[in-house]
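Q: I would like the atomic coordinates for the input below:
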Amino acid sequence: MDMIQFPIKFDSTGLKKLKEGTSDYYSQLLSISILTEPLTHPMTPQFGSYDPTFRTIDKGLFVLNAARFVPEIRVTELITEQDIDSKINISFSFEIEGA
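A: From the prediction side, this is the model:
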């Protein structure tokens, strides 16, 4: 199922969507998992990552959740850095299995 792009944008068909199976689709899905606290969704309480503001992001939990909820990709890298303004930057790389 295609996903609405976040932040929301419009194209000639209305809301811009990301096509399922594309790199942009999976990148947004993994980004949403970083921005979602566990226990937020009653149907999938394990989905998400703890806010890295007060602790470091649990890389193992992120990779485990990616494998559990998005089995068609494999996380190859996860980098967390704190910049000069104490902002935490998170970047990741992944491969789409079978692509």
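
Q: lowest-scoring secondary structure element of this structure by mean pLDDT?
A: helix 59-69 (a mean of 86; mean pLDDT, DSSP states H and E).

Q: pull out the buried residues from that helix.
A: Lys59, Phe62, Val63, Asn65, Ala66 (16 or more other Cβ atoms under 10 Å). Using the backbone N, CA and C atoms, a C-beta is placed for each residue, glycine as well.

Q: go on, stretch 1-9?
A: Met3, Gln5.

Q: which residues sit against that stretch?
A: Leu15, Lys16, Lys17, Leu18, Lys19, Glu20, Asp24, Tyr25, Gln28, Leu29, Ile32 (Cβ atoms under 8 Å, 6 or more residues apart in numbering).

Q: quick one: which of these sit in helices?
A: Counting by DSSP state H, these place Asp24, Tyr25, Gln28, Leu29, Ile32 in helices.

Q: among those, which ones are buried?
A: Buried among the ones in helices among the contacts of stretch 1-9 (16+ other Cβ under 10 Å): Tyr25, Gln28, Leu29.
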